[in-house]
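Visitor: sharing a sequence plus its predicted fold:
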Amino acid sequence: MSNNTPIAQTPLFDRKASIRGYKLNKMAMSLGEAPNRIAFLADEEAFLDSYGLDDETKTAVMSRNWHEMVRLGGNLFFILKISAVDPTPIIAIGAAQAGMSVEDFMVQRLGKKNG
Amino acid sequence: MSNNTPIAQTPLFDRKASIRGYKLNKMAMSLGEAPNRIAFLADEEAFLDSYGLDDETKTAVMSRNWHEMVRLGGNLFFILKISAVDPTPIIAIGAAQAGMSVEDFMVQRLGKKNG
Amino acid sequence: MAEIIGGIGTSHVPSIGVALDKGLDQTPVWKPFFDGYDYTKEWIAEHKPDVAVVVFNDHGNAMFLDRVPTFTVGVADRYKPADEGWGPRDIPDFIGAEDMSWHFADKLVENHFDPMIAREITVDHGLQVPMELCFGRPKDCWPVTILPIWVNTVQYPIPTPQRCWDMGKILRDAIESFPGDERVVILGTGGLSHQLQGARAGFLNEAADRDWLSTIARDPDKWRSMRREDYVEKFGSEGAELIMWLVMRGAMNSDVTVKHTHYHLPASMTGAGCIVLENT
Amino acid sequence: MAEIIGGIGTSHVPSIGVALDKGLDQTPVWKPFFDGYDYTKEWIAEHKPDVAVVVFNDHGNAMFLDRVPTFTVGVADRYKPADEGWGPRDIPDFIGAEDMSWHFADKLVENHFDPMIAREITVDHGLQVPMELCFGRPKDCWPVTILPIWVNTVQYPIPTPQRCWDMGKILRDAIESFPGDERVVILGTGGLSHQLQGARAGFLNEAADRDWLSTIARDPDKWRSMRREDYVEKFGSEGAELIMWLVMRGAMNSDVTVKHTHYHLPASMTGAGCIVLENT
Ligand SMILES: [Fe+3]
Ligand SMILES: [Fe+3]
């Protein structure tokens, strides 16, 4: 599906993203195991370093910049585990992708009257 | 391929063998990593126990009874790693399967004049 | 010969599981969603399946990007629920329909499918949530054994809709040639419209979702011949998971009776729905 | 468009690698075997491929029984040689033909194959030995990049011969539609007759091996329509690996020219052979 017309504002998780985000996603997936969650919470930067994340990616993770994590190849299904360790509602992550406030996102995208 | 006529003296490594030999093969496969080889050589029984092998299987491994290991679901490709740690020629393992001396096996099966 | 007693299509949104864990299913936000599954649960109680085939995708829990299988068939005797980062959920392990799984694996390979065959693997919300929606949450053990089928919908290339449909045909053959008298229900899961990433995140498409629910029974050809790109465009990048319903639909008769349809928008960020089908 | 310059079928017996490691290739036992590859190496030197597609099976090194994929396509940028228990071998890493691999993976899925797509995986003697036989042992780096294809021949069900053949057709399409001018050689590996387990261990079948080598070029239909059971009976339980040559043969023209054939019995416990084919 690599040669087809891209769909507007819809990044497909293809080889390019998969390669770019490999270390980030691997780090995030590891949070499915409790000892890794403890290590992440105890010293986040050291934990990220142990997966060889570059500075740009580390900054994105440590600032919980979800939009940037996706730009750097993060796949939502993996990086959602960061939001489990450091609770963030998925709607906030969605809003960050859309570049909207959570309130606007809920009204304009999800059709809810209020947050 | 499970309902077909069996081929004489030829065990197919199907679900039955795969299930039966799972722990044995898992232990054997781990010998592909150097630290496991060291642990195996240092205290073989403890190493086998750490993979939950039953007594029958442990006895087969510790006595290097290749025929018995295969009967218990061992697959040659995995258990060959035992023969790498504790060197045993593959021809001797073949002969054990055939129930022959190595010399007879080489002449009768492999068509060699002498060992 | 085992028998297919029906097919169910359903969403598998993780927050449904969270709502159940937190006891929120009767709150104003969630009640309308869960009420739509009352009929489904009654149908299950009445028809008493022995085995549930569950078609779903892993969401970065049991499989990583190091090795991405297009299709996976579980042949384990037991599957533990995956810990998705929030800690283990308080639901029983799932017992595998081991013999039927191996029989299906044999049939697939004979018929030129190339599955991965897995026996040490966890199952994530993609399976857990549909099981809870259909069977409730049991105290000790689930009332059915399971035959899990994983479909890669995460990393492109994902399989074509037609390929999912074709797998349904083999699934049907496998069940109907299985020596036993098991009653089998097939759960096709995922969707409906949602998108979690990119500037179009939060995309929902109620019209497309309603079209899907109203035509998947009587006009599946329309959906199985649609391109993967069109699924993404119409249902969102993660809504393309709907291709997995086609395994279920492909396993059913061309003529089916729609016993029940339910739609709720949104569950979390997803168009959520359910359909219950019987062979006519 | 890349181009298929030829197809090679060859055994991949591990003791061939051991003989090379120990410098035994010119001893009386091994010399007749290795001499048969002189032509193959010359052919390679003359035809200068850029990419080697290597079709082989893992032997319990990179894959365990927990998850057994029927077909795997490597898309890595680099593959380390597996340590098979004897410690690391002194050969260079293999560099992946990454772009061509992904292109092939896309083509496979589009054409209703269901590969596992792997990018963190080692390659065992199934790939190492054929590479050494064809390219010699390089000091620093291999003269080609590789596109590895793993076929499950260890745990039943293994794919049908016809399915391997069909994969060869897609491989050809993928190479010929690849935007580049790479010269590609395809190595189908495994066999010939051998059996390592069971009371029939040590089984060899020289007549069948010679029949295979003399007809795989001009009458492949005979082999691709043969049942898996017949492969096991005729070539031994591990000799059934020969189905992997069919991926190579299926990718070639129906009319091919046989440039070279070599047979040696036994190498270790295996009927060992090689064939070099060019499209006519
Ligand atoms: Fe999903
Ligand atoms: Fe082999």
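Guide: It's in. Numbers count the residues shown, from 1 in each chain, chains lettered A, B, ... in the order given. Ligands and ions are numbered 1, 2, ... in the order given.

Visitor: all strands of the stretch 1-150 of chain C, in order?
Guide: Ranges of strands in the stretch 1-150 of chain C, per DSSP state E, counting those that start in this stretch, are C:3-10, C:51-56, C:67-69, C:71-74, C:78-79, C:94-95, C:116-118, C:145-151.

Visitor: thinking A:Phe47 is in contact with A:Ala39, fair?
Guide: Yes - A:Phe47 is in contact with A:Ala39 according to CB atoms under 8 Å; the separation is 5.1 Å. (Each C-beta comes from the backbone N, C-alpha and C, glycine too.)

Visitor: about what we covered before: and B:Ser83, which of the strands of the stretch 1-150 of chain C is closest to it?
Guide: Among the strands of the stretch 1-150 of chain C, strand C:116-118 comes nearest to B:Ser83, with 27.1 Å by CB to CB.

Visitor: how about C:Thr145: what's its closest non-neighbour residue?
Guide: Distances taken as CB to CB, 6 or more residues apart in numbering or on different chains put C:Ala97 closest to C:Thr145, at 4.0 Å, once the chain neighbours are dropped.

Visitor: same question for stretch C:51-63, mean pLDDT?
Guide: Mean pLDDT, computed over stretch C:51-63, is 98.

Visitor: which elements pack onto the lowest-mean-pLDDT helix or strand in chain C?
Guide: When the helices and strands of chain C are scored by mean pLDDT, DSSP states H and E, helix C:14-21 comes last with a mean of 94. Applying 3 or more CB pairs under 8 Å, 6 or more residues apart in numbering or on different chains; DSSP states H and E, one finds that helix C:14-21 makes contact with helix C:125-135.

Visitor: chain center to the helix it packs on: distance?
Guide: 8 Å (CA atoms, centre = their mean, to the nearest Å).

Visitor: is chain A contacted by it?
Guide: No - applying CB under 8 Å from any CB of the partner chain, one finds helix C:125-135 separated from chain A by no less than 10.2 Å.

Visitor: what comes into contact with that helix?
Guide: The contact list for helix C:125-135, computed with CB atoms under 8 Å, 6 or more residues apart in numbering or on different chains, reads C:8, C:10-14, C:16-17, C:20, C:37, C:40-41, C:44, C:52, C:54, C:56-59, C:79, C:81-82, C:84, C:89, C:91, C:94, C:142-144, C:146, C:148, C:185, C:187, C:189-190, C:274.

Visitor: any regions of chain A where pLDDT drops low?
Guide: Within chain A, the ranges that satisfy pLDDT under 70 run A:1-5, A:113-115.

Visitor: so the residue nearest to C:Thr145 touches C:Leu147, yeah?
Guide: Yes - between C:Ala97 and C:Leu147 a contact is recorded at 4.7 Å, counting by CB under 8 Å.

Visitor: now do the shared contacts for these two.
Guide: Common contact partners of C:Ala97 and C:Leu147 (CB under 8 Å, 6+ apart): C:Val51.

Visitor: helices of the chain, residue ranges please.
Guide: As the question left the chain open, I've gone with chain A. With DSSP state H, the ranges of helices along chain A come out as A:15-20, A:22-30, A:34-42, A:44-50, A:55-62, A:66-71, A:76-85, A:90-98, A:102-108.

Visitor: try again with chain C
Guide: Under the criterion DSSP H, chain C contains helices at C:14-21, C:31-35, C:38-47, C:98-110, C:125-135, C:161-176, C:206-215, C:220-224, C:228-235, C:245-251.

Visitor: so how far is B:Thr10 from C:Arg200?
Guide: Separation of C:Arg200 from B:Thr10 (CB to CB, to the nearest Å): 57 Å.

Visitor: er, A:Ala8 I mean
Guide: Note on A:Ala8: its distance to B:Thr10, by CB to CB, is 58 Å.

Visitor: low-confidence ranges in chain C?
Guide: The model of chain C has no residue with pLDDT under 70.

Visitor: tell me which residue is most central in it.
Guide: By CA atoms, centre = their mean, chain C has its centre lying nearest to C:Thr189, at 2.4 Å.

Visitor: which parts of chain C sit against chain A?
Guide: Counting by CB under 8 Å from any CB, the residues of chain C that sit close to chain A are C:15, C:59-61, C:64-65, C:82-87, C:154-158, C:195-204, C:228-229, C:232-233, C:236-238, C:265-266, C:268-269.

Visitor: and A:Leu41, how many neighbours?
Guide: By the criterion of other CB atoms under 10 Å in any protein chain shown, A:Leu41 has 12 neighbours.

Visitor: for the residue sitting nearest the centre point of chain A, what are its contacts?
Guide: In chain A, the centroid-proximal residue (CA atoms, centre = their mean) is A:Ile79; its distance is 4.1 Å. Under the criterion of CB under 8 Å, 6+ apart, the neighbours of A:Ile79 are A:24-25, A:28, A:66, A:69-70.

Visitor: for it, give its distance to D:Arg218.
Guide: Per CB to CB, A:Ile79 is found 56 Å from D:Arg218.

Visitor: sorry, back to before: quick one: the least confident helix or strand of chain C to chain centroid distance?
Guide: Remark: helix C:14-21 is offset 16 Å from the chain centroid, using CA atoms, centre = their mean.

Visitor: what of stretch C:169-187?
Guide: Distance, centroid of stretch C:169-187 to centroid of chain: 16 Å (CA atoms, centre = their mean).

Visitor: what does it rub up against?
Guide: Around stretch C:169-187, the neighbours that count as contacts under CB under 8 Å, 6+ apart are C:1-10, C:44, C:47-56, C:97, C:99-100, C:103-104, C:107-108, C:111, C:113, C:130-131, C:134, C:144, C:149, C:247-248, C:250-252.

Visitor: what of stretch C:210-222?
Guide: Outside of stretch C:210-222, the residues within contact range by CB under 8 Å, 6+ apart are C:9, C:165, C:191-192, C:223, C:235, C:242, C:245-246, C:249-250, C:254, C:256-258, C:261, C:263, C:273, C:275, C:277.

Visitor: one more time with 7 Å
Guide: C:9, C:192, C:223, C:242, C:245, C:249, C:256, C:258, C:261, C:263, C:273, C:275, C:277 (CB atoms under 7 Å, 6 or more residues apart in numbering or on different chains).

Visitor: which of those are buried?
Guide: C:9, C:192, C:223, C:242, C:245, C:249, C:256, C:261, C:263, C:273, C:275, C:277 (16 or more other CB atoms under 10 Å in any protein chain shown).

Visitor: quick check: the first one touching C:Ile275?
Guide: Yes - here C:Gly9 lies in contact with C:Ile275, judged by CB atoms under 7 Å, at a distance of 4.4 Å.

Visitor: hang on, the earlier thing: got the angle between the least confident helix or strand of chain C and helix A:90-98?
Guide: Put simply, helix C:14-21 runs at 160 degrees to helix A:90-98, going by axes from the mean of the first three to the mean of the last three CA atoms, to 10 degrees.

Visitor: helix C:14-21 near ligand 1 anywhere?
Guide: No - figure legend: helix C:14-21 not in contact with ligand 1 (CB under 5 Å from the ion); closest approach 8.0 Å.

Visitor: give me the angle between that helix and helix A:76-85.
Guide: Interaxial angle, helix C:14-21 versus helix A:76-85 (the same axes, to 10 degrees): 30 degrees.

Visitor: quick one: contacts of helix C:14-21?
Guide: Helix C:14-21 is touched from outside by C:25, C:30, C:89, C:125, C:128-129, C:132-133, C:137, C:267-268, with contacts defined as CB under 7 Å, 6+ apart.

Visitor: out of those residues, which are buried?
Guide: C:25, C:30, C:89, C:125, C:128-129, C:132-133, C:137, C:267-268.

Visitor: the strands of the stretch 1-150 of chain C: which one's closest to A:Lys112?
Guide: Taking these one by one with CB to CB, strand C:3-10 is closest: 22.6 Å.

Visitor: next, the contact list for the residue of chain A found nearest ligand 1, please.
Guide: Going by CB to the ion, ligand 1 is nearest to A:Phe77 of chain A, at 8.1 Å. Going by CB under 7 Å, 6+ apart, A:Phe77 touches C:59-60, C:154.
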